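Asks: Got a predicted structure plus its sequence, pasted below:
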Amino acid sequence: MDCTLLITIFVTFHVLVPIVSSYGHANMCQAFCGNLKIDYPFALQSGCGHPGFRELLFCINDVLMFHISSGSYRVLDIDYPYQSLVLHDPHMSTCDSVVLGGRGNGFVVEQWRAPYLNPTSDNVFMLIGCSSESPLFQGYHGKHSPCRNVSGMSCEEYYGCPGWDMIRPNQDGPVYGSGPPECCALPFEDIKAVNLSKLGCQGYSSAYSLAPLRRAGPDEWSYGIEVKYSMQGNVGFCRACEATGGSCGHDIDDKNDLCLCEGWNSTATCDLVHSESHRRKWSLVVALAGFVIGTIILGTSHLA
C-alpha cells in the first residue's frame, strides 16, 4: 500500500469521524433575554414554544419586546406560576404624565391569538379625551354610563394625579357637562380592544391590581398592561419532554407538538430521540467504514 493511500485513510478518519460524532447536536431554545427567563409557552426561536405564541417575543439588545397588531411593548415581567406578563407602552399615560394626541398603542390582539392572550380582569383601562361620537357612549343616556370602578381603581381617583395639572393648569378639577367625561374607566372585557382611533380617544392609561394588596392612591398604582395567557394543548407532553432534558416546541408546518432534543425532534421524549440519534450516527459510521474498506481494496488491487 503506497503512502498516498495511507494519508487518505488517515484524513478520512480524523476529519469525517468528528463530524459524524457531532451530527445532530445543535443549540437548544434560548432560555433568557436579559434577566427575563423565556420558558414554555413562549420562545424566541422558530419552532420553539407553543404555536399560539410564535412570533410574539423578540430579544433586542437584551431587551424583551412583545409584538402584536397594535404595536410593540417592552416586557417588564413574566410570572409563570400566575401565567401573566406585564407590558409597558412608552406612550401610555401614568400618574405623573397624561399623554394626549392618540400616540398610545392601546391593546389590540390578533383574533387568532385571542383565546390565548387577554388583559387580566383586574386591569383597568382609563380612556382619556374621548369624543361624544365615540362608540363608548353610543346607547348610553343620562346616568347609564359605561364608565365604572375596576378593582378599586377609577377615574375619580385618577383625576387627583399631578399629570392632569399639566394639561389643565387653570382648572380645579375635571370638566363635567353635557359631553363625555375627560376620563372613562373600563375593564378590557367591556370593549375587547383598546384602539384609540376607533374609540375616538386622545389617550389612555392602564393600571392593574396587585391583589390582595390595595394601593392607597393612584400615585401608588402599578401602571402597565397585565396580560393573562392560557396554556393550550398537551401540557403533560411538555412536562415529559422537559423531564428528559428537552425543550417544548412545535412543527413549523403543521403546528403539532415536538420535543426538541439537541437538534433532534421527537413526537415523544428525549429518551426516544437519544436512541434514534444513536442509531443514525452508527449508520453513518458504518457507511464511512464501508467507504474506507472499499478504498483499501481498490488501492490494493491497483498495486497488485
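Replies: Thanks, I have the structure now.
Asks: After the helix or strand of the chain with the lowest mean pLDDT, which helix or strand is next? Please name it.
Replies: In the chain, the helix or strand scored least confidently by mean pLDDT, DSSP states H and E is helix 17-22, which has a mean of 40. Once the chain leaves helix 17-22, the next helix or strand it forms, by DSSP states H and E, is strand 32-33.
Asks: My understanding was that Pro135 contacts Leu199; is that so?
Replies: Yes: using CB atoms under 8 Å, Pro135 is in contact with Leu199, at 6.4 Å. Bear in mind the C-beta positions are built from the backbone N, C-alpha and C, glycine included.
Asks: quick one, which of those two is more surrounded?
Replies: The residue with more neighbours, out of Pro135 and Leu199, is Leu199; 22 against 12, by other CB atoms under 10 Å.
Asks: Pull the contacting residues for Asn123.
Replies: The contact partners of Asn123, taken as CB atoms under 8 Å, 6 or more residues apart in numbering, are 150, 187-188, 206-209, 225-226.
Asks: ok, of those residues, which come out buried?
Replies: Restricting the contacts of Asn123 to buried positions leaves 150, 187-188, 206-209, 225-226, with burial counted as 16 or more other CB atoms under 10 Å.
Asks: Which ones among these lie within strands?
Replies: Counting by DSSP state E, the part of those found in strands is 187, 206-208, 225-226.
Asks: now those residues in CSV, with pLDDT and distance to Thr267?
Replies: Converted to CSV, those look like this (pLDDT from 0 to 100; distance: CB to CB, whole Å):
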residue, pLDDT, distance to Thr267
Pro187, 95, 41
Ser206, 97, 41
Ala207, 96, 44
Tyr208, 93, 39
Ile225, 97, 36
Glu226, 97, 35
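Asks: out of the buried ones among the contacts of Asn123, who's nearest Arg103?
Replies: Nearest to Arg103 out of those is Ser206 (CB to CB; 14.4 Å).
Asks: what about that closest one, distance to Pro135?
Replies: From Ser206 across to Pro135, the span is 19 Å (CB to CB, to the nearest Å).
Asks: Low-confidence stretches in the stretch 1-150 of the chain?
Replies: 1-28, 139-144 (pLDDT under 70).
Asks: Please enumerate the strands of it.
Replies: Counting by DSSP state E, counting those that start in this stretch, the stretch 1-150 of the chain has these strands, from start to end: 32-33, 36-37, 57-60, 63-68, 71-79, 84-88, 117-119, 123-128.
Asks: Gly163: which of those is closest?
Replies: Among those, strand 123-128 comes nearest to Gly163, with 9.9 Å by CB to CB.
Asks: mind listing what that closest one pairs with, with the direction of each?
Replies: The pairing partners recorded for strand 123-128 under DSSP bridges are strand 183-187 (antiparallel), strand 203-208 (antiparallel).
Asks: of those, which approaches Asp122 most closely?
Replies: Of all the strands paired with strand 123-128, strand 203-208 comes closest under CB to CB, at 6.0 Å.
Asks: now that closest one and strand 84-88, what's the angle there?
Replies: 150 degrees (axes from the mean of the first three to the mean of the last three CA atoms, to 10 degrees).
Asks: distance of Arg148 from Thr120?
Replies: Per CB to CB, Arg148 is found 16 Å from Thr120.
Asks: neighbour-wise, which of these two wins?
Replies: When Arg148 and Thr120 are compared for neighbours, Thr120 comes out ahead with 20 against 13, by other CB under 10 Å.
Asks: thought that one was touching Ser84?
Replies: Yes: between Thr120 and Ser84 there is a contact at 6.3 Å, judged by CB under 8 Å.
Asks: shared neighbours, these two?
Replies: Shared contacts of Thr120 and Ser84 (CB under 8 Å, 6+ apart): 226-228.
Asks: of all those, which comes closest to Cys29?
Replies: Ranked by distance to Cys29 (CB to CB), the shared contacts of Thr120 and Ser84 are led by Val227 at 21.4 Å.
Asks: so what's the closest one up against?
Replies: 84-87, 117-120.
Asks: What about the nearest residue to Gly163 once chain neighbours are set aside, how many residues nearby?
Replies: Take Gly163 and drop its neighbours on the chain: the residue closest to it by CB to CB, 6 or more residues apart in numbering is Val98, 4.0 Å away. Val98 has 25 neighbouring residues, counting by other CB under 10 Å.
Asks: Am I right that Val98 is in contact with Gly203?
Replies: Yes: at 6.6 Å, Val98 and Gly203 qualify as touching, with contact defined as CB under 8 Å.
Asks: so what sits against both of those two?
Replies: Residues touching both Val98 and Gly203 (CB under 8 Å, 6+ apart): Ile128.
Asks: His67: what's it in contact with?
Replies: Counting by CB under 8 Å, 6+ apart, His67 makes contact with 55-58, 73.
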